[in-house]
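> coordinates only, sequence not included:
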């Protein structure tokens, strides 16, 4: 079984108000991407890691991430205009022997080896797997004039995370269909959903945060200090 990973790290992070892309921001002495990549690097069954970054970040990623930290499995690929385009670029660069592909946000550095491996195992059986956590807050659907329209049953609501793992040929077909039809989704599972195929969910972890805004940096620094994550220390 050939397993590959795609790390999506092409965003600029406008909400972070930083001079560099958010995936390169330093947390406790290392860039965010270091933590993410080092966790994937130690998983033996993952044969290759495609790191997708924006065109302006190619050289920086090569020198300051891959070479500096001596990642052996990582290959850098140029991203596209949107996250979905970047993931598609990564899919096209995978080994043709790939059976399972694991797609993960570069700015989720606290993913654990256990969750990644459970996701891979589930994808072998079910072909399309999302990682998610049950929502804690009450969710409201709000319409025009900020008027609440309805309140979904919280027991049915899960907040999606990554990684999301798939049969390689299935997710490639889903991406190609979306491109033909001009559809853009907010994650990869929706591309399989719209093909009418089931996507199963396994439970993730609340500490598997996506670093998006300045306050997330403070949370991330605390999580590193407390020992969360399976990255090299």
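Arrived safely. Not measured: the values here are computed from a predicted model.

> For the rest of this, base every contact and every neighbour count on C-alpha atoms.
OK.

> which is the next helix or strand following the longest strand belonging to the chain?
In the chain, with assignment by DSSP state E, the single longest strand is strand 158-167. Remark: after strand 158-167, the chain's next helix or strand is helix 168-181, criterion DSSP states H and E.

> how about that following helix: buried residues?
168, 169, 170, 171, 172, 174, 175, 177, 178 (16 or more other C-alpha atoms under 10 Å).

> Which member of those residues is positioned nearest residue 212?
residue 175 (24.8 Å; C-alpha to C-alpha).

> where does residue 54 sit relative to residue 108, distance-wise?
Per C-alpha to C-alpha, to the nearest Å, residue 54 is found 17 Å from residue 108.

> Contacts for the longest strand of the chain, please.
99-105, 108, 116, 119-120, 123-124, 127-135, 188-189, 204, 208 (C-alpha atoms under 8 Å, 6 or more residues apart in numbering).

> I'd like to know which of those residues are part of strands.
Using DSSP E, the contacts of strand 158-167 in strands are 100-105, 128-134.

> Columns neighbour count on top of the residues you listed, output as CSV?
Below are the ones in strands among the contacts of strand 158-167 laid out as CSV (neighbours: other C-alpha atoms under 10 Å):
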residue, neighbour count
100, 25
101, 30
102, 25
103, 25
104, 25
105, 23
128, 28
129, 28
130, 25
131, 23
132, 21
133, 17
134, 16
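
> Residue 77 - how many residues pack around it?
Applying other C-alpha atoms under 10 Å, we find 22 residues neighbouring residue 77.

> and it, bridged to which residues?
Residue 77 has these beta-bridge partners by DSSP bridges: residue 52.

> Run me through the strand neighbours of the longest strand of the chain, direction for each.
Here strand 158-167 is paired, per DSSP bridges, with strand 100-105 (antiparallel), strand 128-134 (antiparallel).

> Centre of the chain to that strand, how far?
8 Å (C-alpha atoms, centre = their mean, to the nearest Å).

> tilt between it and helix 168-181?
Inter-element angle recorded for strand 158-167 and helix 168-181: 110 degrees (by axes from the mean of the first three to the mean of the last three C-alpha atoms, to 10 degrees).

> Okay, buried residues for strand 158-167 please.
Buried residues in strand 158-167 (16+ other C-alpha under 10 Å): 160, 161, 162, 163, 164, 165, 166, 167.

> now stretch 77-85
For stretch 77-85, using 16+ other C-alpha under 10 Å, the buried residues are 77, 78, 79, 80, 83, 84, 85.

> cool, stretch 49-63 as well?
49, 50, 51, 52, 53, 54, 57, 58, 61.

> roughly how far apart are the last one and residue 206?
Residue 61 sits 28 Å away from residue 206, taking C-alpha to C-alpha as the criterion.
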